[in-house]
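[1] pasting the structure only:
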């Protein structure tokens, strides 16, 4: 056995490069800065572009421009930067621009604590943009996930033409760990589906049975229109309610209809258990320890570690919730994702255990709640 | 010669709006250069200037208010072969001011046309960054409180290498725009015009008055000599090509046996300048050399040259779930700031735990076995105390062995630094023998 030693942010950068990312723009912010540092080291020798924007708005704007030329683009920030990204995120959602956004969450609200972890942006990433359309959010548990989920995030961004968040946490991103990246299986890189440039091109038209428009790059032979305005298939502004309705419903359906198919999770289900523990992110590590400790004491428990948070894997959750009398949701906040569990729980009782004081949840404290 | 104007979407500006003159002049300039639509991107901002992209048969990118230059920069860096023209109003210039300044400083090959009509036409004629203080606008008295900016002065100070201050009504507008498009760098073209829908309802502004006001200002039209320099995307490519590929990942082979089994937690309590993070890394590398899983969490203030520096290490043959410190096996107490940073830890230390303290660092009461070492007397500098303390741990058979530590040092350092580190370890080991 031989291993490497690095922090989560380096694994994220290496996962991005392995997925074909060749464009990064960011603005320094603890605890995300070292994603930028690593991309600055990795991309130029590969012929890629790594830029430091004058602010977060510029950084994500650079990425949107580059993504429309066909590049796989990455940006990385923390809560205060996500706030500034907001207008550009809704642009990427509504105008179907593939992009991966790394959010190394830190303790908020606002500037909060730069070097303390939390999972305080879980609802914010989905709803912190205008229009209320769905996004995809993946949450790594450890350094291995930082590498592999970043590659998944790029594939999903390409496949669905939407922004995909990697919702990490200071406690994973800036913690150094032993890992062997070479032995981690990565998904095969997915490229966005392109239209046939020989045919007339409507930038937001979808083929029969498809929910994602075929892509052609700005700068190709066929003229491409991109716009943040409410648009029809031709990319021109429209006020036609029928066209608008179809576009809005398609934006929603393309993500929601795939929710269960793209769900990434680890299920450790005991058919004899009456309690299902649900966790994600760095807290899932402590939860695993707590569950193992309680099982040693004879307690029967099931554990579901979610790695896709948005779209909510409703089918997976409903099925597992229905098989248990009680669910315990553990989060490094004061109760965010538990809202999604509650609405899916049916007759299953939902309890919450969480904290947001800048410290990791302790396995012994979690075990007491189980 | 073919116009790039989209005949199916003719300009829709208010009658008398000067924007239409800019549309036709831009088209003529592009046409004269033989540019085809697929070689061109029109990036437009918000406001009436944000309609520009729809009038041309070219690649189009219309985004959020003030952010046009951000998209244009990404497009140009990803595709330096494309001609990129950005249109924005005086409103976009104001809200996107940071992007205007940064783009001037970068000197990336974009042409920025500012359609400057001294107010926010689309939202009701409110004041913008260029509205004269004496104008009557939709912001009541508020514009009387602010000084308008001169775009060319601002852009020149920020490093724009090409500036032009023009009237939308001047006869050679298309030639002037064409010269800016030709310039291989960032060109800022400030085009003064009339907004009949809002501004001239309450203000006297005519083509003649624009000419008179322009004549009162120093003429600005062409390259700015003091701002001439390499274009950003070219300079980037040149410097990027010289970056050394340092992508290689280094593996640390597992070849030793750790002295203790089970989960081991180590806390290094030090201060700035004591190379605490590096010592933590060395301990982790040593652990990997014994086939262990390891994690390292560091804690230090933003003032990296002052205050505490704490490193928390976990080593375990099994995968590490919880990366926090529960019950430390070894604590290295090397500075008062570090010791003070973890007050709650001391009462919890068990009698099995070991504290290695530098002489002179006072400790709270604890049940652990404390070994005090006089590193100074051993001629070990404060910056090396953390490494020396690792050597003491190895000598005592705690968490790591001497061969594990030596392997970590050989992996992490080379040349003179490695020799010095190995010498420090030898001196620290000698201290333990004396003790």
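    The structure has been received and is ready for your questions. Keep in mind that what you see is a predicted model, and the values were worked out from it rather than measured.

[2] and residue B:282, how far from residue B:276?
    The gap separating residue B:282 from residue B:276 is 11 Å, by CB to CB, to the nearest Å. For the C-beta atoms, the positions are set from N, CA and C on the backbone; glycine is no exception.

[3] the domain parsing of the chain - what is it?
    Chain wasn't specified; assuming chain A. Using automatic domain parsing, the domains assigned to chain A come out as A:4-183, A:265-369.

[4] correction: the question concerned chain B.
    Taking automatic domain parsing as the domain assignment, the ranges for chain B are B:19-241, B:264-434.

[5] averaged pLDDT, the last one. What do you get?
    The average pLDDT for domain B:264-434 rounds to 96.

[6] what is the end-to-end distance of that domain?
    For domain B:264-434, the first-to-last residue distance is 27 Å (CA to CA, to the nearest Å).

[7] repeat for stretch B:302-315
    Terminal residues of stretch B:302-315 lie 27 Å apart, using CA to CA.

[8] just give me the neighbour total for residue A:183.
    10 (other CB atoms under 10 Å in any protein chain shown).

[9] kindly state the pLDDT recorded for it?
    So, for residue A:183, pLDDT stands at 94.

[10] quick one, phi psi at it?
    The phi/psi pair for residue A:183 (degrees, to the nearest 10) reads phi -100, psi 0.

[11] confirm residue B:312 sits in a strand?
    Yes - according to DSSP: H, G, I helix; E, B strand; the rest coil, residue B:312 belongs to a strand.

[12] so who does it touch?
    Residues in contact with residue B:312, defined by CB atoms under 8 Å, 6 or more residues apart in numbering or on different chains, are B:265, B:266, B:267, B:268, B:280, B:296, B:297, B:298, B:299, B:323, B:324, B:325.

[13] repeat that with 10 Å
    Counting by CB atoms under 10 Å, 6 or more residues apart in numbering or on different chains, residue B:312 touches A:175, B:265-269, B:280, B:295-299, B:323-325, B:328, B:342.

[14] list buried residues within those residues.
    Among these, the ones that count as buried by 16 or more other CB atoms under 10 Å in any protein chain shown are A:175, B:265-269, B:280, B:295-299, B:323-325, B:328, B:342.

[15] just the ones of the residues you listed in strands?
    Members of these lying in strands (criterion: DSSP state E): B:265, B:266, B:267, B:268, B:269, B:295, B:296, B:297, B:298, B:299.

[16] ok, so of the residues you listed, who is nearest chain A?
    residue B:296 (4.2 Å; CB to the nearest CB).

[17] the closest one is in contact with residue B:265, isn't it?
    No - Residue B:296 sits out of contact with residue B:265 when judged by CB atoms under 10 Å, with a separation of 11.6 Å.

[18] so what sits against both of these two?
    Common neighbours of residue B:296 and residue B:265 (criterion: CB under 10 Å, 6+ apart): B:312, B:313, B:314, B:315.

[19] whichever of these end up buried, select them in PyMOL.
    PyMOL command restricting those to the buried ones, with burial defined by 16+ other CB under 10 Å:
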select buried, chain B and resi 312+313+314+315
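
[20] show me which of the shared contacts of residue B:296 and residue B:265 is closest to residue B:306.
    Closest approach to residue B:306 among the shared contacts of residue B:296 and residue B:265 (CB to CB): residue B:312, at 20.5 Å.

[21] OK, contacts around the residue lying closest to residue A:88 once chain neighbours are set aside?
    Once flanking residues are discounted, residue A:88 sits nearest to residue A:60: 4.4 Å by CB to CB, 6 or more residues apart in numbering or on different chains. For residue A:60, the residues meeting the contact criterion (CB under 10 Å, 6+ apart) are A:25-27, A:53, A:73, A:75, A:77, A:81-82, A:84-89, A:91-92, A:99, A:101, A:163, B:67, B:70, B:74.

[22] so residue A:60, which of the three states?
    Criterion first, three-state DSSP; result for residue A:60: helix.

[23] separation between it and residue A:210?
    In terms of CB to CB, residue A:60 sits 27 Å off from residue A:210.

[24] same check on residue A:246?
    When distance is defined by CB to CB, residue A:246 is 13 Å away from residue A:210.

[25] residue B:423 too?
    67 Å.

[26] residues contacting residue A:171?
    So residue A:171 contacts A:8, A:31, A:104-106, A:116-119, A:281-283, A:285, A:332, A:358-361, B:297, B:323-324 (CB under 10 Å, 6+ apart).

[27] isn't residue A:75 right up against residue A:88?
    Yes - when contacts are counted by CB under 10 Å, residue A:75 is listed as touching residue A:88 (9.3 Å).

[28] joint contacts of the two?
    Common contact partners of residue A:75 and residue A:88 (CB under 10 Å, 6+ apart): A:56, A:59, A:60, A:61, A:63, A:64, A:99, A:101, A:163.

[29] which one of those is nearest to residue B:415?
    residue A:59 (38.2 Å).

[30] next, give phi and psi for the closest residue to residue A:96 other than its chain neighbours.
    Nearest non-adjacent residue to residue A:96, counting by CB to CB, 6+ apart: residue A:161, 4.0 Å away. Per-residue torsions, residue A:161: phi 50, psi 60 (degrees, to the nearest 10).

[31] give the contact list for the nearest residue to residue A:299 once chain neighbours are set aside.
    Computed as CB to CB, 6+ apart, the closest residue to residue A:299 that is not its neighbour in sequence is residue A:370, at 6.7 Å. By CB under 10 Å, 6+ apart, the contact list for residue A:370 reads A:275, A:277, A:287, A:290-291, A:293-295, A:297, A:299, A:301, A:303, A:326, A:328, A:330, A:351, A:353.

[32] taking those one by one, which sit in helices?
    When DSSP state H defines the helices, the subset of the contacts of residue A:370 inside them is A:287, A:290, A:291, A:293, A:294, A:295.
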